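Chemist: Pasting the sequence and the predicted model now:
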Amino acid sequence: MNRHIEIAKLFDIPCEIVDVKPMGEGFINDTLLIETPEGCSNYILQRKNRKVFPDVPAMMENIRCVTAHLKRTVAENGGNADKEVLTQIPLRGTDTLYHVDENGEYWTVCKFIEGSVTHDRVTSAELAFEGGRGIGRFHKLLGGFNKPLHETIPGFHNLRLRFEQWDEALANDVAGRKASVAEEIGWIEERRNEIMAFQQMIETGVFPVRVTHNDTKISNILFDSENKALCVIDLDTMMSASIFNDFGDAIRSYTNTGAEDDADLNRVSCSLEYFEAYTRGFLSECGDMLTPQELEWLPFAGRFITFEQVLRFLMDYLNGDTYYKIAYPHHNLVRTRAQFALLRSQELQYERLKSIVATCRQ
């Protein structure tokens, strides 16, 4: 029998399992589709990446608590909790949400939401608006959630930690590349004080701690057949943090007119049209729950997260490309320059970004 079918049968799936097939590209986890007979629901089987998520039980406990709250809130508001919230499936006869195989690998199952569609890239202002509305609604529904979540990826989006790692990378220069990227290193150092001032505000409680998704690219939202935001997925990275993680990461990915690793920097910029559309959608759902301080600094969030990515790509290049997968020898340097081009576009248009946020708040 197919090994994946054997694993799938350990979970509380009420239908016969016909087949288990690979699904998607699986950049972090291995994702497979569990097929059942016509008339039954299909399911998703995932092998969680232990290198990225060293504490899978804690991660799954986060998901259990958050999805239970989301389902209750969606139902109270007259929505369809089975369509609008992921449903995790436990092992048969238990409430455990994961199986550990003979190799120590963790496997989980959730219900496949039939009729949903995904997008890898923002192609219109309408889609950007719906993506913003989807993430904004995620935050609105979790506004009353007050249980601390496990920190499953220590230091995620913590620029104090990133700068400690950065300083170590500069000191060690293990790949011998430091001298060749003096200009790029200068980009980082010129912005250190400004970035750390913002990090300090986060650490000292100027902004509230909320449930954050932390990976808000558009492919992590399911849409219905009319391209209306339906359900936020890929909840593995959920933790307690500032809302800037979610808004900033979305702005970094949604508004880029080029590719993340675009070699032609003339193609890379921050689209004001998509920024405005995403912000409008986001604030239409959760704007009323944000504090004045959050709203004031929302335009800076894109710069904060984009800067972090510039730093991380360049740091990995200095370290000899040990973290990110690369397609060619200087891939991380190309990524660094492309992300910096996006950052510069955000910086040059910053007053306009602030004006857009102020308008969308009204």
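Modeler: Nice, I can see it.

Chemist: what element comes up after the one helix or strand L295 maps to heading to the C-terminus?
Modeler: Assigned by DSSP states H and E, L295 belongs to helix 292-318. Counting by DSSP H and E, the next helix or strand C-terminal to helix 292-318 is helix 331-348.

Chemist: Identify all contacting residues around that next one.
Modeler: The contact list for helix 331-348 (CB atoms under 8 Å, 6 or more residues apart in numbering) reads 181, 184, 187, 251-252, 255-256, 258-263, 265, 268-270, 302-303, 306-307, 309-310, 313-314, 316-317, 321, 324, 326, 353. The way it works is simple: take the backbone N, C-alpha and C, and place the C-beta from them, glycine included.

Chemist: report the angle between the axes of that helix and helix 292-318?
Modeler: Between the axes of helix 331-348 and helix 292-318, defined by axes from the mean of the first three to the mean of the last three CA atoms, to 10 degrees, the angle is 150 degrees.

Chemist: after helix 331-348, next one along is what?
Modeler: According to DSSP H and E, the helix or strand after helix 331-348 is helix 350-361.

Chemist: and E273, what does it touch?
Modeler: With CB under 8 Å, 6+ apart, E273 has these contacts: 125, 128.

Chemist: Please report how far it lies from N62.
Modeler: 35 Å (CB to CB, to the nearest Å).

Chemist: With Y317 instead?
Modeler: In terms of CB to CB, Y317 sits 32 Å off from N62.

Chemist: quick one: which of the two has more around it?
Modeler: With neighbours defined as other CB atoms under 10 Å, Y317 and N62 compare such that Y317 has more, 27 against 24.

Chemist: need the contact list for the more buried one.
Modeler: Y317 neighbours (CB under 8 Å, 6+ apart): 175, 177, 181, 330, 332-333, 336.

Chemist: Going by neighbour count, which of these are buried?
Modeler: Buried members of the contacts of Y317, counted by 16 or more other CB atoms under 10 Å: 177, 181, 332-333, 336.

Chemist: Tell me where this protein has helices.
Modeler: Applying DSSP state H to the chain gives helices spanning 3-8, 56-76, 81-84, 125-141, 159-172, 182-203, 244-254, 272-286, 292-318, 331-348, 350-361.

Chemist: Could you measure from N103 over to I7?
Modeler: N103 is 12 Å from I7, by CB to CB.

Chemist: Cross-check the contact I'm expecting between L314 and S180.
Modeler: No: the criterion here is CB atoms under 8 Å, and L314 misses it with S180 at 11.4 Å.

Chemist: returning to that earlier point: tell me which of the helices of the chain sits nearest to K147.
Modeler: helix 56-76 (5.8 Å; CB to CB).

Chemist: In that closest one, which residues are buried?
Modeler: 56, 59-60, 62-63, 65-67, 69-71, 73-74.

Chemist: same thing with stretch 157-164?
Modeler: 157-159, 162-163.

Chemist: which one among those residues gets closest to T108?
Modeler: Among the buried residues of stretch 157-164, and counting by CB to CB, the member closest to T108 is H157, at 24.0 Å.

Chemist: which residues touch L10?
Modeler: Applying CB under 8 Å, 6+ apart, the residues contacting L10 are 91-92, 99.

Chemist: Apply 10 Å and report the result again.
Modeler: Neighbour list for L10: 90-92, 94, 99, 101, 107, 109 [criterion: CB atoms under 10 Å, 6 or more residues apart in numbering].

Chemist: So which of the residues you listed is surrounded by the most neighbours?
Modeler: Most surrounded of those: other CB under 10 Å gives V109, at 25 neighbours.

Chemist: what's the spacing between it and K71?
Modeler: Distance from V109 to K71, by CB to CB: 17 Å.

Chemist: Same check on F340?
Modeler: For F340, the distance to K71 - CB to CB - is 42 Å.

Chemist: go on, R210?
Modeler: Distance from R210 to K71, by CB to CB: 19 Å.

Chemist: middle-most residue in the protein, spatially?
Modeler: Nearest to the centroid of the C-alpha atoms of the chain, with distances taken as CA atoms, centre = their mean, sits D215, at 0.3 Å.

Chemist: tell me the contacts of that residue?
Modeler: Counted by CB under 10 Å, 6+ apart, D215 has contacts 28, 156, 234-238, 245-246, 249-250, 253.

Chemist: and what of V357?
Modeler: Counting by CB under 10 Å, 6+ apart, V357 makes contact with 247, 275-276, 279-280, 282-283, 287, 295-301.

Chemist: Derive a PyMOL selection command for the buried subset of these.
Modeler: In PyMOL, the members of these classed as buried (16+ other CB under 10 Å) are selected with the following command:
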select buried, resi 247+275+276+279+280+282+283+287+295+297+298+299+300+301
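
Chemist: so what's K228 up against?
Modeler: 126, 130, 133-134 are the contacts of K228 under CB under 10 Å, 6+ apart.

Chemist: Then M239?
Modeler: Neighbours of M239 in contact, by CB under 10 Å, 6+ apart: 58-59, 62, 148-154, 156-157, 209, 211-214, 245.

Chemist: Over to L161?
Modeler: Contacts of L161 by CB under 10 Å, 6+ apart are 154-155, 199.

Chemist: quick one: contacts of stretch 68-85?
Modeler: 41, 66-67, 86-88, 111, 113-116, 134, 137-138, 140-147, 211, 222, 224, 229-233, 235.
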